[in-house]
Every structure is written in structure tokens, then in C-alpha cells.
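**Student:** fold the following, please.
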Amino acid sequence: MTPYYAIVITTFLLSVFDLVRSHAIRFSVYVGYCIVLVLFVGLRSVGVDNDSVNYEEAFSLAASLPWSDLITGNYDETMERGYLVLNKVIHSLGGGIRTVFLLMAILTGLVNYTLIYKKSPFPFASLLLYVCFFYFYRDFTQIRFALSAGLGLWALFRLTEGKYWSFAVLVLVGAGFHSAVLIVPFVSLFYVLIKSLWFYFVLPLLGVLGGLFNPVMILFSLGGLPPTLAQYVEFDELGKGGYVPSIIAQVFMAGMMIFRRRLLNYHPKKVIDYMFIALSLASFINLLFISFAIMQRLALLLFGAILFSMPYVCKMLESDRSEKFLALFLRAIFMLYVLYYGLKMVNPNLMQPYSIL
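**Tutor:** Numbers count the residues shown, from 1 in each chain. Modelled structure (predicted):
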């Protein structure tokens, strides 16, 4: 497992480059390391992650199906057609499953890492958050979801900029790889319908209370789950959620409320509100369906807002000279915890010893 630990520790050490003023140096190091992250995922062999064998079977399925069935969705597999069509194209060009892994890694890296560098005031801190909370789970095992989630975050920012056509295109493309991206329009819907920040701040508490009644099993007993979702309950794919992301989200939501006026001096109101709502909904879904793996996809996608909420709050606090050193100290403590969390993510439940052969 040494290569995985090396990735986490190296990402942590590189966070010092957020303090480097030279844009050229920061950009060069960032791009170089992102290429390493992409290749580390894209060049892995089948069996390194727990889902790659399933993706190999999906590749064989796509290769055997006629184009008409793939495009119309006339197949039994529940996998989204956009991903299967991509597999079919790669097979037609003479590629294999390793080509799929590499291409998906490149696309996911381009989507996520460019967004982080473009939108985060501390891109290396955001990169550490990404590696420790999302990288091993999404980029390694849930490659369709990883790309879809990245497109969903781009779509969220397009909404804040009023670019509705590009938002729609991003969501549609993302849905072709994983339907979890369809949660993104609900952030906009809540933004329009409910303006109270206090509502979103206490919403996760309602998730905790609702989770006590095990809503998944209630729906399942009433016959209210579609067959695809029912399979997750029948196969007992439970225990997939966790409280740590919700706690972190709540802490930064509190910071965004307390220092809201100062934040608005640095960032558009719509951006701050959308990040706040996304974190609230993510925490609510996580806590309400903490034992239901498939619903965790929705929560994890929206939790991506922490990649920007955290540096927004920290940058704002560090901009005040009287608070700069205390803010830097608190950021360092938080980054150390993120490092610890990332090291704990390295376990056989997610990946096997790394290999590129």
C-alpha cells in the first residue's frame, strides 16, 4: 500500500505551494502533479480497485451489443449508455479496458483539476481535500461517478454565472455517465424557493432525526423503491456513509454564516449561497440515508462544494492582518486532520496493492 500513502503524503507536502507568490512556479508544480495523479489512476491494472473487474465485463458487453441497442438503451445492464457508448467506440478503434481507464482518468482530471485551479484561492489545499476525501473512492473505483461529479461541480458554477445552456449541456453529458449528477438542478431549485440560511444550517439536523427511523427500509417495506435501488438493500450494501464529512460541512457552513459579510467582499453572493446550499443538502442526504450506499453518491457529489468553501473561508480570514497568523495556524491544523483522514482511506476495502502490469 506504500504508493497510496505516498500520494496522500506528497499531496499534503505540496500544499505549501499555496504560500508561493510566483504564479509560474505554482502553476508548473500543480500541472505536473496533476499529471501524476491522472497517470497513477489511468495506468492501474485490472483488479487494483474493487470495481475494475465489473468495468471489464461492461467493456465486453458494450463490444458485443449492436450500436442501435446501445444508443436506444435496449440492454439489461443498468449502466448509463454514455459510458457504454464510449466503451464501444474504444473497442471499435482497437482499444481495451486499459484504454478506457486511461481515457476516463484523463477526462476526470481535466474536469476536476482545472476547476479547482480556476476557482479555488488555495488550489493545493483543495487538491489535498480532493485526494483525501474523493480520489481513492471516485477516481479508482467509481470512475463513471468521478467524471459525472466533476461535470456536476462545473455545472453548479455555470449556474452561478447565469450560463444556463452550458449548465444544461454539462448535466446532460454527466448524466450519460452517472445519473447522480441530476441532483445538481435541485440546488438551484432550493436557492429559488428558500432564501433562509438558517433553514439550510439546521437541515442536517432533520437528516439525523429522519435517519433514526431508517427511511430506506420503510420505503422498501412499502414497495416504494425501484428495482435497481432495491438490489442494494437486498444485497445488504449498507454502512457506506460517515459522520465526518457532515461535521466538516457544518463547521464551514458556520464560518460562512458568521463571516458572510466579509466573504461577500471577495466572492459573488450567488456563489457563496450555492456552495452553502450544496453543503447543506449533501449533509442532509448523508445523514438521512447514512446506511444506503446509492444515496451516498448524491451526497458525495454535493460535498464537492467543500473544495471551494474551505479555501474561501480560510482566504478571507487570512486576508485580515490581525487574524492572519491564527487563521494560518487553524488551516494547518485542519490540513493535518485531512492528511490523517486520507491515510485512513487507504484500506483493502477500496483498493488492492498497486500494479500497472
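
**Student:** name the nearest residue to Glu318, sequence neighbours excluded.
**Tutor:** Counting by CB to CB, 6 or more residues apart in numbering, the nearest residue to Glu318 once its immediate chain neighbours are dropped is Ala327, at 4.4 Å. To be clear about C-beta, it is placed using only N, CA and C from the backbone, and glycine gets the same treatment.

**Student:** I'd like the average pLDDT over the helix or strand hosting the one you found.
**Tutor:** Here Ala327 sits within helix 324-345, counting by DSSP states H and E. Predicted confidence along helix 324-345 averages 90 (mean pLDDT).

**Student:** and stretch 83-93, by the same measure?
**Tutor:** pLDDT averaged over stretch 83-93 equals 89, rounded to a whole number.

**Student:** which residues are contacting stretch 73-90?
**Tutor:** Residues external to stretch 73-90 that are found in contact with it (CB atoms under 8 Å, 6 or more residues apart in numbering): 58-59, 61-63, 65, 67-71, 96, 99-100, 103, 144, 173, 175-179, 228.

**Student:** swap the cut-off to 6 Å and go again
**Tutor:** Contacts with stretch 73-90, where a contact means CB atoms under 6 Å, 6 or more residues apart in numbering, come from 58-59, 61-62, 65, 69-70, 99-100, 144, 176-177, 228.

**Student:** endpoints of it, how far apart?
**Tutor:** Start-to-end span of stretch 73-90 (CA to CA, to the nearest Å) is 18 Å.

**Student:** below-threshold pLDDT in this protein: ranges please.
**Tutor:** Applying pLDDT under 70 to the chain flags residues 214-241, 291-293, 357.

**Student:** among the contacts of stretch 73-90, who's most crowded?
**Tutor:** By neighbour count, taken as other CB atoms under 10 Å, the most surrounded of the contacts of stretch 73-90 turns out to be Phe177 (27 neighbours).

**Student:** for that residue, give me its contacts.
**Tutor:** Applying CB under 6 Å, 6+ apart, the residues contacting Phe177 are 80, 82-83, 144, 147-148.

**Student:** re the thing from before, among the contacts of stretch 73-90, name the ones in helices.
**Tutor:** Secondary structure assignment by DSSP state H places 58-59, 61-62, 69-70, 99-100, 144, 228 of the contacts of stretch 73-90 in helices.

**Student:** would you mind confirming that Ala149 is in contact with Phe303?
**Tutor:** No. Assessed by CB atoms under 6 Å, Ala149 is found out of contact with Phe303, at 9.3 Å.

**Student:** of the two, which one has the most company?
**Tutor:** Neighbours per residue, other CB under 10 Å: of Ala149 and Phe303, the larger number sits with Ala149, 30 against 26.

**Student:** ok, the more buried one to Asp139 distance?
**Tutor:** Here the distance between Ala149 and Asp139 works out to 10 Å (CB to CB, to the nearest Å).

**Student:** before we move on, what about Leu330?
**Tutor:** Following CB to CB, the distance that separates Leu330 from Asp139 is 29 Å.

**Student:** same check on Ile258?
**Tutor:** Spatial separation of Ile258 from Asp139 under the definition CB to CB is 34 Å.

**Student:** when those two are compared, which one has more neighbours?
**Tutor:** The neighbour comparison of Ile258 against Asp139 (other CB under 10 Å) goes to Asp139, with 27 against 11.

**Student:** the more buried one reaches Ala146, doesn't it?
**Tutor:** Yes. In this structure, Asp139 is within contact of Ala146 by CB under 6 Å, at 4.9 Å.

**Student:** overlap of the contact sets of these two?
**Tutor:** Applying CB under 6 Å, 6+ apart, one finds that Asp139 and Ala146 are jointly contacted by Thr108.

**Student:** now, the most widely separated pair of the contacts of Phe177?
**Tutor:** The two members of those with the most space between them (CB to CB) are Glu80 and Leu147, at 10.7 Å.

**Student:** more neighbours, the two?
**Tutor:** In this view Glu80 and Leu147 are compared by other CB under 10 Å, and Leu147 has more residues nearby, 29 against 17.

**Student:** contacting residues for the more buried one?
**Tutor:** Applying CB under 6 Å, 6+ apart, we find Leu147 in contact with 107-108, 177.
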